[in-house]
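Model the following, please.
(one chain, ligands or ions: 1)
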Amino acid sequence: MKSYIVEGGNILSGEIEVSGSKNASLPILAASILNANTTKLYNIPRIQDTKITLKILKLLGCEVKSKKGKIVIDSKNIYITEIPEELMREMRSSIILAGALIGRFKKVKFSYPGGCDIGSRPIDLHLKAFRKLGIKIEEKSGFITCTCDKIVGNEISLDFPSVGATENIMLASIFCEGVTYIKNSALEPEIVDLQKFLNKMGAKIEGAGTSIIKITGVKNLKEVSYNVMPDRIEAGTLLCAAAVTGGNLKLKNIETEHIEAIIDKLRDMGCELEVEKRQVELKSIRKIKAIDIKTMPYPGFPTDLQSIFSAVLTVAKGTSIITENIFESRYKCMSELKRMGAKVTIDNRIAVIKGVRKLTGSNVKATDLRGGAALLIAALSAKGKTKIDNIEYILRGYESLDKKLNKLGAKVYIKDNK
Ligand code: UD1
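Numbering: from 1, shown residues only. Purely as a prediction, here's the structure:
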């Protein structure tokens, strides 16, 4: 088990580049299964979740090479279509591999996925969609087996614009007979990135970024080379790190179009932001003001930044009201923030945060990826030293976060408690 030791009270300022997007990389890595050929990927973040995905791809039979920021995957010789149970448990997004495997081999076996405990996270929408594509699904002793002779294009209306279900339907439908329409599809930028990648590989998909996606089945795919989009959640996290410490930060390698909801909220909080297409500069000019946040599917405020913004609001002037509409258990980090002196009350999906002047460094525990990052943000401005245990959660989704923060003036060390 590893911990972060954070010495709070340092102002974070300077310039930093954002890494490639975790949530875009995972479905794109899964999609490399489909072409039975070579896929060259750039800007994949070196984090635990991408390492696990690459490990699964190798176990299935892919050849994987990585050097100097490039990952090359050859999926020609995949000979296994069962996703290993222990790795499936480690990461929720392993469910995305199911769409790619069924798309290429017309069969896949997997167990219920794991991942962060931030809510019930069912996969009913994925399975319902698979059935609509003519896939037979058998569930037995926690394992799900999907088989079919062919994938038949169909119209699928999602009850909720699920990111994972939209991606899985796109992957499963690549070689479908006819056309698949996804209605009420997720609008997230990572879906647009997946469409760009798949089309570059020879797929025929249109509509990503709108609520109807059309996938026309193709016969073959080809080798591909692709540069993954920047991580908008990491961008929001770093902006919060500067804001909470009263610093000035220039973020580079981002798509500011993807973070408009985040920029709006930071401005409401009293930060000044200069926005260009590929970079943003934040200046903290006054004390953070309390604001209200409601999480929504894109283009609304992202649930993945709810805990992180909440951490900043614990030291804002006034009272903030947070409404978590996507994952019901995303307030676990609040009890840890309370140990540091935060004043938070929670009623079901609503959290009321009464800003205090300063938090105090304490011993806390990460309970999930973004909740863990929220503790780190809180610790940066707290008085004294904070020890954050269970940082394995944070390492799943952020590339060298400690190094990036330290480059900006923070004092964060990793302690290995072996
Ligand atoms: C993805 C992101 C995650 C982000 C989330 C919402 C990845 C790897 N992860 O997760 O970081 O927080 O989108 O933006 O991209 N639901 C069902 N049944 C299903 C599927 C989902 O009820 O079959 C519900 C979920 O419980 C949740 C909501 O739909 O309440 C959104 O989930 P979804 O969009 O599917 O999130 P993920 O794809 O798991």
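
hmm, the helix or strand bottoming out on mean pLDDT in the chain touching the ligand?
Least confident helix or strand of the chain, by mean pLDDT, DSSP states H and E, is helix 85-90 with a mean of 85. No. Under the criterion of Cβ under 6 Å from any ligand atom, the ligand is not reached by helix 85-90; the shortest gap measures 12.9 Å. Heads up, the C-betas are built off the backbone N, CA and C, glycines and all.

Name the spans of the stretch 51-200 of the chain whose pLDDT lies under the cut-off.
Within the stretch 51-200 of the chain, the ranges that satisfy pLDDT under 70 run 114-121.

80 - rerun?
Residue ranges of the stretch 51-200 of the chain with pLDDT under 80: 92, 113-121.

All the helices of it, in order from the start?
According to DSSP state H, counting those that start in this stretch, the stretch 51-200 of the chain carries its helices in the segments 85-90, 96-105, 124-132, 163-173, 189-200.

from the chain's centre, how far out does the longest one sit?
Helix 189-200 sits 15 Å away from the centroid of its parent chain (Cα atoms, centre = their mean, to the nearest Å).

again with stretch 25-32
Between the centre of stretch 25-32 and the centre of its chain there are 13 Å (Cα atoms, centre = their mean).

could you give the mean pLDDT of that stretch?
For stretch 25-32, mean pLDDT is 98.

Restrict it to CA atoms and write it as CSV.
C-alpha atoms of stretch 25-32 as CSV (Å, rounded to 0.1, in the frame of the first residue of the first chain):
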residue,chain,number,x,y,z
SER,A,25,-7.6,5.5,-24.2
LEU,A,26,-9.5,2.6,-22.6
PRO,A,27,-12.1,2.1,-25.4
ILE,A,28,-9.5,2.8,-28.1
LEU,A,29,-7.2,0.2,-26.6
ALA,A,30,-10.1,-2.2,-26.6
ALA,A,31,-10.9,-1.3,-30.2
SER,A,32,-7.4,-2.4,-31.3
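
at contact distance from the ligand, anything in it?
Yes. Judged by Cβ under 6 Å from any ligand atom, stretch 25-32 and the ligand are in contact via residue 26.

Surely residue 341 is in contact with residue 364?
No. Judged on Cβ atoms under 8 Å, residue 341 makes no contact with residue 364 at a distance of 11.3 Å.

So which residues of the stretch 301-418 of the chain form helices?
306-313, 332-339, 369-381, 392-395, 401-407.

What residues sit buried inside the longest one?
Using 16 or more other Cβ atoms under 10 Å as the burial criterion, the residues of helix 369-381 that qualify are 369-381.

what sits up against the least confident helix or strand of the chain?
By Cβ atoms under 8 Å, 6 or more residues apart in numbering, the surrounding residues in contact with helix 85-90 are 52, 55-56, 59, 94-95, 110-115, 143.

For the protein, what lies in contact range of the ligand?
Residues of the chain lying close to the ligand (Cβ under 6 Å from any ligand atom) are 23, 26, 92-93, 119-126, 160, 162-165, 186, 190, 303-304, 326-327.

Quick one: buried ones out of those?
Buried members of those, counted by 16+ other Cβ under 10 Å: 23, 26, 92-93, 121, 123, 125-126, 162-165, 186, 190, 303-304, 326-327.

Who has more neighbours out of residue 341 and residue 364?
residue 364 (25 against 18; other Cβ atoms under 10 Å).

How about the more buried one, nearest residue that isn't a chain neighbour?
Excluding the flanking residues, the one nearest residue 364 by Cβ to Cβ, 6 or more residues apart in numbering is residue 336, at 4.1 Å.

what separates that neighbour from the ligand, distance-wise?
Noted for residue 336: a distance of 19 Å to the ligand, by Cβ to the nearest ligand atom, to the nearest Å.

ok, that residue - contacts?
By Cβ under 8 Å, 6+ apart, the contact list for residue 336 reads 364-367, 371, 375.

Dump the residues you listed into JSON lines; add pLDDT and distance to residue 197 as well.
Output for the contacts of residue 336, formatted as JSON lines (pLDDT from 0 to 100; distance: Cβ to Cβ, whole Å):
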{"residue": "364", "pLDDT": "98", "distance to residue 197": "38"}
{"residue": "365", "pLDDT": "97", "distance to residue 197": "37"}
{"residue": "366", "pLDDT": "97", "distance to residue 197": "31"}
{"residue": "367", "pLDDT": "93", "distance to residue 197": "32"}
{"residue": "371", "pLDDT": "97", "distance to residue 197": "30"}
{"residue": "375", "pLDDT": "98", "distance to residue 197": "34"}
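
before we move on, back to that, which ones among the contacts of helix 85-90 lie within strands?
Taking DSSP state E as the definition of strands, the contacts of helix 85-90 contribute 110-111, 143.

ok, back up a step: could you dump the contacts of helix 85-90 to JSON lines with neighbour count?
Output for the contacts of helix 85-90, formatted as JSON lines (neighbours: other Cβ atoms under 10 Å):
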{"residue": "52", "neighbour count": "19"}
{"residue": "55", "neighbour count": "14"}
{"residue": "56", "neighbour count": "22"}
{"residue": "59", "neighbour count": "14"}
{"residue": "94", "neighbour count": "24"}
{"residue": "95", "neighbour count": "26"}
{"residue": "110", "neighbour count": "24"}
{"residue": "111", "neighbour count": "18"}
{"residue": "112", "neighbour count": "16"}
{"residue": "113", "neighbour count": "22"}
{"residue": "114", "neighbour count": "17"}
{"residue": "115", "neighbour count": "18"}
{"residue": "143", "neighbour count": "14"}
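
about what we covered before: identify the farthest-apart pair in the buried residues of helix 369-381.
The most widely separated members of these, counting by Cβ to Cβ, are 369 and 381 (20.7 Å).
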